[in-house]
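> my questions concern the predicted model and sequence given below.
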Amino acid sequence: MADLSLAQVKKSYGKVDIIKGVDLDIKHGEFVVFVGPSGCGKSTLLRMVAGLEDITSGTISIGGKVVNDLQPKDRSIAMVFQSYALFPHMTVRDNVAFGLMISGAPQAEIDAKVGEAARILKLEQLLDRKPSELSGGQRQRVAIGRAIVRKPEVFLFDEPLSNLDAALRVSTRAEIAKLHRDLGATMVYVTHDQIEAMTLADRIVVLEAGVVRQFGSPLELYHMPQNQFVAGFIGSPKMNFLNVNVKSISATSVFVEGDGIKNMKVAVSGDGLKVGEDVTLGIRPEHVTVVDAKSATASGKIVLLEMLGHQTYFEADISPDAAITALISGTQVFELGQDVRLGFNGEDCHLFRKDGQAQHRLDPPAAVKIVRKRGLQ
């Protein structure tokens, strides 16, 4: 296995810039996920690593070797696509072995590698079946097996679970995570699903319009987003954003008001801010609670309600121009139109300037400190 490095990698189609200078250093054995909205360039970036798309400028290196001008077959990578791309007339055994067969590998080597891949992916009982006789999850495991037998230095996954139903996505996601642990392989995985990103990744690359907005561990992105885009993209339901005004600044906090919020103390650095400046307050729905009048940060009326059993989502209008989404335990019962008082702590809040950049949180949560101490960022 090997490190993967991208230095000022760009991709343009005519005058249209798709990838706008990406720098990434992915460590040996790391599982890195590219995530972002549709059209952000994540699949294009993966295809450039694979050699399926030419780069306009920059350098891509695998194991310290520049691969810009190498064909995909010479890059020591294996790619698993969104579509399974299996040969319908071939058995599972022959589909897994296909790359080895066309490269002229000895039959003994083919049998050994196919057998190993089948054991890892629990395909032993399926080797003589055709793809039409398999479930979607089994077909995806066959596609992964075809990649494993090549013994690549880097595995590339392009939205491999998007064709599966919800239950299969969960089980296959667990299988991919286990595969990574078993192989210790360097893996790069593209998805638009942030849940996949958070559960699978050692580190996540958040892309927007061909630009890396943040590269860090899942907990780092969740608790310490560097900008409002990352804060809004990571987390479900998405973070609440409220328009507020800076009322005062101390050495350890910033006091803000606006959008139904009065004199809220936010535990962030005030560096670069001025009293009277308009900023954005961010609070995640899971950090909002229903409280009594004495403890309330805001109050409002429930206008949207979804009771899921274990959890309840509701949206409450807290001013003519602002609403807050809350994620509450399913043990509490609410009704549409109900008046509620909401509370949240300044230690859980985020503050963003007009340019979208986050004010530094002075005391990162304990989980982030542990991640940093272990070097998992």
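Now that the structure is in, tell me what you want to look at. These numbers come from a predicted model, not from an experiment.

> alpha carbons only for contacts and neighbour counts from here, please
Will do.

> and the strands in the stretch 51-200 of the chain?
57-62, 65-66, 77-80, 154-158, 186-191 (DSSP state E, counting those that start in this stretch).

> worst mean pLDDT among those?
Sorting the strands of the stretch 51-200 of the chain by mean pLDDT places strand 77-80 lowest, at a mean of 90.

> Cys40 is nearest to which of the strands of the stretch 51-200 of the chain?
The minimum distance between Cys40 and the strands of the stretch 51-200 of the chain falls on strand 186-191, with 11.2 Å, by CA to CA.

> tell me where the model's unsure across this protein.
1, 364-377 (pLDDT under 70).

> all helices for it, in order.
Here the chain has its helices, by DSSP state H, at 42-50, 92-102, 107-121, 136-148, 166-183, 194-200, 218-223, 228-233, 366-373.

> which elements pack onto the longest one?
With contacts defined as 3 or more CA pairs under 8 Å, 6 or more residues apart in numbering; DSSP states H and E, helix 166-183 has these neighbours: helix 107-121, helix 136-148, helix 194-200.

> okay, strands next: where are they in the stretch 251-377 of the chain?
For the stretch 251-377 of the chain, the strands defined by DSSP E, counting those that start in this stretch occupy 254-258, 261-266, 278-283, 289-290, 298-307, 311-319, 322-329, 339-343, 350-352.

> can you list contacts of the first one?
Read that as strand 254-258. Under the criterion CA atoms under 8 Å, 6 or more residues apart in numbering, residues 242-249, 262-270 lie in contact with strand 254-258.

> re the thing from before, hey, which of the strands of the stretch 251-377 of the chain is tucked in deepest?
Across the strands of the stretch 251-377 of the chain, the average number of neighbours (mean count of other CA atoms under 10 Å) peaks for strand 350-352, which reaches a mean of 25.

> run through who's touching it.
Asn227, Gln228, Val266, Val268, Val279, Thr280, Leu281, Gly282, Ile283, Ala358, Gln359, Arg361.

> pick the one among those closest to Gly343.
Using CA to CA, the contacts of strand 350-352 come closest to Gly343 at Ile283, 10.7 Å.

> hmm, that closest one is touching Leu342, no?
No. The pair Ile283 / Leu342 is not scored as a contact, 11.9 Å apart, by CA atoms under 8 Å.

> any idea what the nearest residue to Asp193 once chain neighbours are set aside is bridged to?
Nearest residue to Asp193 in three dimensions, chain neighbours excluded: Val35, at 7.3 Å (CA to CA, 6 or more residues apart in numbering). Beta-bridge pairing of Val35 under DSSP bridges involves Thr191, Val206.

> Val35 and Ala143: what is the separation?
22 Å (CA to CA, to the nearest Å).

> more neighbours: which of these two?
Val35 (27 against 23; other CA atoms under 10 Å).

> so that one sits right up against Ser43, yeah?
No. Using CA under 8 Å, Val35 makes no contact with Ser43, being 9.4 Å away.

> where do the contact lists of these two overlap?
In contact with both Val35 and Ser43: Val190, using CA under 8 Å, 6+ apart.

> run through the bridge partners of Asn243.
Thr280.

> look up how far Val303 lies from Arg361.
With CA to CA as the criterion, Arg361 and Val303 are 32 Å apart.

> and if you look at Asn227?
In terms of CA to CA, Asn227 sits 29 Å off from Val303.

> again with Val142
47 Å.

> likewise Arg129?
53 Å.

> what residues are up against the residue nearest the centre of the chain?
Nearest to the mean C-alpha position of the chain, counting by CA atoms, centre = their mean, stands Ala197 at 3.1 Å. When contacts are counted by CA under 8 Å, 6+ apart, Ala197 touches Val33, Phe34, Val35, Thr191, Ile204, Pro218.

> 7 Å instead?
With contact taken as CA atoms under 7 Å, 6 or more residues apart in numbering, Ala197 is in contact with Val33, Val35, Ile204.

> check Met239 too.
Residues near Met239 by CA under 7 Å, 6+ apart: Ala231, Gly232, Gly282, Ile283, Arg284, Pro285.

> Glu30 reaches Tyr189, doesn't it?
No. Applying CA atoms under 7 Å, one finds Glu30 not in contact with Tyr189, separated by 10.8 Å.

> just put the helices and strands packed on helix 166-183 in JSON lines and tack on distance to Asp25.
Shown next, in JSON lines, are those (distance: least, CA to CA, whole Å):
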{"stretch": "helix 107-121", "distance to Asp25": "29"}
{"stretch": "helix 136-148", "distance to Asp25": "23"}
{"stretch": "helix 194-200", "distance to Asp25": "18"}
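
> highest average neighbour count across the ones you listed?
helix 136-148 (a mean of 23).

> circling back to that earlier point, can I get the strands of the stretch 51-200 of the chain in a markdown table including distance to Phe352 and mean neighbour count?
Formatted as a markdown table, these follow (distance: least, CA to CA, whole Å; neighbours: other CA atoms under 10 Å):
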| stretch | distance to Phe352 | mean neighbour count |
| --- | --- | --- |
| strand 57-62 | 32 | 19 |
| strand 65-66 | 39 | 14 |
| strand 77-80 | 38 | 23 |
| strand 154-158 | 33 | 23 |
| strand 186-191 | 27 | 24 |
